[in-house]
Structure formats: C-alpha cells, structure tokens
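Q: coordinates only, no sequence provided:
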C-alpha cells in the first residue's frame, strides 16, 4: 500500500478498513469535500426489517435504450434493479450503493461496455467480475477480442428472459462477503 504519512504517524489505512467493514455489512460509504477545506464522510448501512431484503439480488443495469431497461425490469422479478442510461452515473451508483451484479450494454454513445467495465474494475473489481454484457449490434473484431479477454457472458438482443434470469442467478454471490 501507499501512504503519505511519515514514520510514527499511522498507516493511513483507517478509511480503507472502514470501507471494507461498511461494504461487508451491505452498506456504502462516500465522501464529499468542501472547496474551503475539510471533508464529510457518509455511511449508509441497511437496517434489517425496514425494507431490507436479504433474499433479493441487487442488479445495476446500464443501457442507453429505455425499451431494453423496461424489458429487463419486466422479466427479472427476483431482483431489485437499478437502471440508468448513463455509464458515468452508473459508476457513481456502484461506488455509493451495494450491488450483487451488473448488466451492461456493449454499445452506448457516452462510453462502451468494455470501457465501463475497465472503469468499474478500478474501483470495484469484485463487482466488475460479476458483470454480463448485452448487445444488439454487430461486434467488430477488436471489440469481440476485448470482450473475449474479459471472459464475461455476452447476451444477444433480443434478450431471452430465461437467459437473463440465469445470468443474474450466476452472477449473484449469495454467500460471499460483498467488498466490491
């Protein structure tokens, strides 16, 4: 690890340890900074019995096609879906919220699916490994090679409801500690 602390000044691991504890409890942690100085650290931990559903999988869905988002919402009844058409917003959500899996379109105007995966892997490598791609477009050789190197499932549109449900079930680590 890297620290800016001098000898005898601590390790600088406090926030890392806190984040790991919060995420292992299914929560999220983020910071906001004030331009005049200082920072606020926010922690969200689900409260059992107040809407928390341990039996439901939380899936982040990223697709610029509202029809695809609506279709996915209609066929995945066993999971809580969080849908967005903006990959940048999805990255922020992934850092602030707990998700078990990600379903992402390959072709989006702001950022393609593999680029989204690469960005997500920098901050949430565990979540990035539980990702499935979907595409209705023709894959060129370069993009197909990138997807093959990632070794993740690619579903073709139009999506088959059984395949989508199976993908969500396979990406959902029921007994794993969710540390990103």
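A: Thanks, I have it. Everything numeric in this text was worked out from a predicted model, so none of it was measured.
Q: what are the buried residues along stretch 15-34?
A: 19, 22-23, 26-29 (16 or more other Cβ atoms under 10 Å). Yep, even glycine has a C-beta here, placed from its N, CA and C like the rest.
Q: looking at those residues, which are in strands?
A: Those of the buried residues of stretch 15-34 mapping onto strands are 28-29, per DSSP state E.
Q: all helices of the protein, in order?
A: 14-24, 66-75, 87-96, 113-123, 125-128, 141-150, 161-171 (DSSP state H).
Q: need those helices in TSV (columns: distance to residue 105).
A: As requested, the helices of the chain are exported to TSV (distance: least, Cβ to Cβ, whole Å):
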stretch	distance to residue 105
helix 14-24	26
helix 66-75	7
helix 87-96	9
helix 113-123	6
helix 125-128	16
helix 141-150	12
helix 161-171	13
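Q: what's the least confident stretch among the ones you listed?
A: Among these, helix 14-24 carries the lowest mean pLDDT, at a mean of 73.
Q: that one - contacts with which helices or strands?
A: strand 28-33, strand 39-44 (3 or more Cβ pairs under 8 Å, 6 or more residues apart in numbering; DSSP states H and E).
Q: now the most centrally placed residue in the chain, nearest residue through space, not along the chain?
A: Against the mean C-alpha coordinate of the chain, by Cα atoms, centre = their mean, the closest residue is residue 94 at 4.3 Å. Counting by Cβ to Cβ, 6 or more residues apart in numbering, residue 124 is the residue found nearest to residue 94 once chain neighbours are left out, at 5.4 Å.
Q: got the confidence number for the one you found?
A: So residue 124 comes in at 91 (pLDDT).
Q: distance of it from residue 100?
A: Noted for residue 124: a distance of 12 Å to residue 100, by Cβ to Cβ, to the nearest Å.
Q: just residue 141 next, same as before
A: 32 Å.
Q: quick one, which of those two is more surrounded?
A: residue 100 (21 against 7; other Cβ atoms under 10 Å).
Q: my read: the more buried one touches residue 56, true?
A: No. Contact criterion Cβ atoms under 8 Å: residue 100 and residue 56 do not qualify, at 9.1 Å.
Q: identify the contacts common to those two.
A: By Cβ atoms under 8 Å, 6 or more residues apart in numbering, residue 100 and residue 56 have these common neighbours: residue 79.
Q: out of the helices of the chain, the one nearest residue 41 is which?
A: helix 14-24 (7.6 Å; Cβ to Cβ).
Q: distance between that closest one and the chain's centre?
A: With Cα atoms, centre = their mean, to the nearest Å as the basis, helix 14-24 stands 17 Å off its chain's centre.
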